[in-house]
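J.: Show me how the following folds:
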Amino acid sequence: MVYFKAGKHNDAIIMLGQALHLDPNHALARQVLGEVYLLQRELKKAEMEFLKNILNNPDFAKTYYFLGKLYMDELLDYERATEYLAKYKLLDLNNSFGYLDDTNKRLKKLKELFKQDYNREETPKGKARELLY
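T.: Below is the predicted model:
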């Protein structure tokens, strides 16, 4: 965490890799590794770390927020963004991580985007539709 906060991302990746070698299911280490990759614009690596974290730690709310944000802002996959942001909202009812206001704003924006697309007959499918409507 010290390397991450100091902006020494390459050192952080090495240290986090060592920590995950000892405990591959360590939620915080995997989360921070995903965040480092996101900061370095290594989006697919970030996505992979976040997805691994959800697989191994399905109740770690923070990962759902970052994955939803990644899908919304960078990968432009609004259906997945909706799914993961809505899951974050369900898991972090007490706003432990402080992302609830941003999550609500993002979900509202996604709903607006889907309404605009509705006029072009590109409606959300599956879970995204259920979560927003």
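
J.: hey, where'd the strands end up in the protein?
T.: With DSSP state E as the definition, the chain shows no strands.

J.: pLDDT averaged over the longest helix seen in it, what's the number?
T.: Among the elements of the chain assigned as helix by DSSP state H, the one spanning the most residues is helix 100-118. Here the mean pLDDT over helix 100-118 is 88, rounded to a whole number.

J.: The residue nearest to the spatial centre of the chain: what's it in contact with?
T.: The central residue of the chain, meaning the one whose C-alpha is nearest the mean C-alpha position (C-alpha atoms, centre = their mean), is L67 at 1.6 Å. Residues touching L67, when contacts are defined by C-beta atoms under 8 Å, 6 or more residues apart in numbering, comprise 47, 50-51, 54, 80, 84. Where C-beta positions appear, they are placed from N, C-alpha and C, glycine not excepted.

J.: Next, count neighbours for the residue lying closest to E49 once chain neighbours are set aside.
T.: Excluding its sequence neighbours, the residue lying closest to E49 (C-beta to C-beta, 6 or more residues apart in numbering) is G34, at 3.6 Å. Using other C-beta atoms under 10 Å, G34 has 26 other residues around it.
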